[in-house]
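Asks: missing the sequence, but the structure's below:
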Ligand code: IPE
Ligand code: IPE
Ligand code: MG
């Protein structure tokens, strides 16, 4: 099963190119519920979800959005049934292998955030290969959060900084936001301007806790496998209506 054919290749006329988010992050939720509603096993929702993510990435490129981050697997998702976890790990590995050529053609620079060393060895190798091969691409920065947890990310940054203090390389007073950010998995990637969550859940589920401090939130009832360009268009329209005050008046 594949996603619906793509429509809206060009930026819709009602969207202002100048006011697009530079970085969009997505919590791709609702795959299991989507499958259940179709009378299918949960894994079919994940499979369809990959097609939807591929089209969103292409859409961001078509419309001039420079960075997309997708939450693929949380540190909490290890608690799912073993068959589902195994299916997801195999799916990630297969998709990476299959899509590398297209990512090169489409000038995609891929990154991964999360505790990658704890992933299956063959997936880890595929991750390293895709990051290395796409590192000079400049069309869009595509980040996949895999075995990612926001609290864990903050803790590992704290540990790394503590070691530097202990070794006398930095003084505690030198720890500021810029230094801290250099120790996050997302170092070098700007904070998301817009965070989208599908399937209607009103929570962050441990995603980018530091980075979304001032992101605009957009939550839709639509399940991830149904999130198409028309839905993304709606999210961007809503974003462009927002008044981002950043605490000012
Ligand atoms: C999101 O869909 C995908 C992952 C977390 C990997 P879910 O699998 O969480 O789908 P629901 O929320 O159970 O419907
Ligand atoms: C968040 O979805 C994680 C991903 C989308 C990868 P979950 O389905 O795991 O989140 P909860 O359990 O509803 O908080
Ligand atoms: Mg879910």
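Replies: It's in. From a predicted model like this one, the values you see are computed outputs, not experimental measurements. Ligands and ions are numbered 1, 2, ... in the order given.
Asks: use CA for all of it now, contacts and neighbours both
Replies: Noted.
Asks: which bits of this protein sit near ligand 1?
Replies: Within the chain, the positions near ligand 1 by C-alpha under 6 Å from any ligand atom are 28-33, 72-73.
Asks: Apply 5 Å and report the result again.
Replies: Taking C-alpha under 5 Å from any ligand atom as the measure of proximity, the chain contacts ligand 1 at 29-33.
Asks: taking those residues one by one, which sit in helices?
Replies: 31-33 (DSSP state H).
Asks: Check which helix or strand the residue of the chain most remote from its centre maps to.
Replies: Note on the chain: the largest C-alpha distance from the chain mean falls to residue 168, namely 35.6 Å (C-alpha atoms, centre = their mean). Following DSSP states H and E, there is no helix or strand that holds residue 168.
Asks: re earlier: what would the ones in helices among the residues of the chain next to ligand 1 look like in a markdown table with neighbour count and pLDDT?
Replies: Formatted as a markdown table, those follow (neighbours: other C-alpha atoms under 10 Å; pLDDT from 0 to 100):
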| residue | neighbour count | pLDDT |
| --- | --- | --- |
| 31 | 22 | 98 |
| 32 | 19 | 98 |
| 33 | 18 | 98 |
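Asks: Using a markdown table, lay out the residues of the chain next to ligand 1 together with distance to residue 41.
Replies: Listed next are the residues of the chain next to ligand 1 as a markdown table, based on distance: C-alpha to C-alpha, whole Å:
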| residue | distance to residue 41 |
| --- | --- |
| 29 | 16 |
| 30 | 13 |
| 31 | 10 |
| 32 | 8 |
| 33 | 10 |
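Asks: Could you point out which of those residues is nearest to residue 80?
Replies: Taking C-alpha to C-alpha as the measure, residue 80 lies nearest residue 32 of the residues of the chain next to ligand 1, at 11.7 Å.
Asks: So which residue is dead centre in this structure?
Replies: Most central in the chain (C-alpha atoms, centre = their mean) works out to residue 70, at 1.7 Å.
Asks: what's the neighbour count on the closest residue to residue 76 other than its chain neighbours?
Replies: Closest residue to residue 76 apart from its sequence neighbours, by C-alpha to C-alpha, 6 or more residues apart in numbering: residue 149 at 7.8 Å. Counted by other C-alpha atoms under 10 Å, the residues lying close to residue 149 total 23.
Asks: What of residue 147?
Replies: For residue 147, the count of nearby residues is 21 (other C-alpha under 10 Å).
Asks: Over to residue 187?
Replies: Other residues close to residue 187 by other C-alpha under 10 Å number 14.
Asks: hang on, it packs against residue 179?
Replies: No: with contacts counted by C-alpha atoms under 8 Å, residue 187 stays clear of residue 179, the gap being 9.8 Å.
Asks: Mind telling me what element residue 181 is part of?
Replies: helix 177-182.
Asks: OK, contacts around the residue farthest from the centre of the chain?
Replies: By C-alpha atoms under 8 Å, 6 or more residues apart in numbering, no residues touch residue 168.
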